[in-house]
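Peer 1: 3D, please:
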Amino acid sequence: MRKPLRAPTRTAALAALLAGLVAVLLRGGAGLPVPTAVAAGLGEGYVIYENAEPVPDISFKHKTGGLVREVSLRDFAGKVVVLNFWATWCPPCVAEMPSLDRLQAALGPEGVEVVALSEDRGGFAQVDPFYEARGLERLERYVDEGGALGRHFAIRAMPTTILIGPDGIPVGAVEGAAEWDSPEAQKLLRALLKQ
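Peer 2: Have a look, this model is predicted:
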């Protein structure tokens with residue numbers, strides 16, 4: 001497993017990721033989830049995808065109120081999706097969740113959807129008390145039962161976040177925790193909204 005980068009490096013790397021993604025978008029391409037496609041200068045854990053396929057139609061569970069239903073990434077067409085693979089037992093994931101909650105509050109009205117997808121084996125029985133104990137109010141609750149979506153994206157470490165454009169094509173990924181509500185991250189996501 002890769003060692004997480006320190007916070008100052010993360011901020012610089014998010015800015016570099018923004019620059020790289022904007023360059024890809026200007027070329028008219030988006031990305032293919034290939035772990036070896038690390039862009040020069042982005043540092044460890046940052047990947048820009050090229051020639052990507054649209055997101056798969058793999059279902060996962062969504063809980064709102066007391067209702068649980070199946071959804072897929074295709075249900076978020078037209079939005080920028082911040083797909084975050086996490087688990088309650090993962091300390092960097094726990095540290096990152098409040099910034100994802102703040103990001104959803106800040107950019108949700110603009111068309112960004114944070115899909116914090118739990119990989120916990122205990123499903124909502126683990127996720128519900130975690131959200132309540134930490135006061136996560138803006139994030140919806142999602143569970144990848146059986147880990148099918150995690151396997152599709154070949155997730156190697158948690159947290160891993162995949163950015164998906166409004167066209168349903170993955171454009172980049174961040175392996176390890178990041179400050180998703182930082183000005184750099186918000187600038188990156190607003191650029192993707194204009195894609």
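Peer 1: Tell me where this structure has helices.
Peer 2: When assigned using DSSP state H, the helices of the chain occupy the ranges 7-26, 91-107, 124-134, 148-152, 183-193.
Peer 1: Show me where the chain dips below the pLDDT cut-off.
Peer 2: Counting by pLDDT under 70, the chain has low-confidence residues at 1-45.
Peer 1: can you count the residues close to Ala133?
Peer 2: Residues lying near Ala133 (other CB atoms under 10 Å) number 9. No exception for glycine: its C-beta is placed from N, CA and C like everyone else's.
Peer 1: quick one: it and Leu163, what's the gap?
Peer 2: For Ala133, the distance to Leu163 equals 28 Å [CB to CB, to the nearest Å].
Peer 1: Tell me the residue in the chain that is farthest from the middle.
Peer 2: Gly66 (24.6 Å; CA atoms, centre = their mean).
Peer 1: separation between that residue and Asp128?
Peer 2: Here the criterion is CB to CB. By it, Gly66 lies 10 Å from Asp128.
Peer 1: how about the residue farthest from the centre of the chain, phi and psi?
Peer 2: With angles defined as degrees, to the nearest 10, Gly66 shows backbone torsions of phi -100, psi 0.
Peer 1: Also Ser72?
Peer 2: phi -140, psi 170.
Peer 1: what residues are up against it?
Peer 2: By CB atoms under 8 Å, 6 or more residues apart in numbering, the residues touching Ser72 are Val55, Pro56, Asp57, Ile58, Ser59, Phe60.
Peer 1: Quick one: which of the residues you listed is the most crowded by neighbours?
Peer 2: Tallying neighbours with other CB under 10 Å puts Val55 at the head of those, with 23 neighbours.
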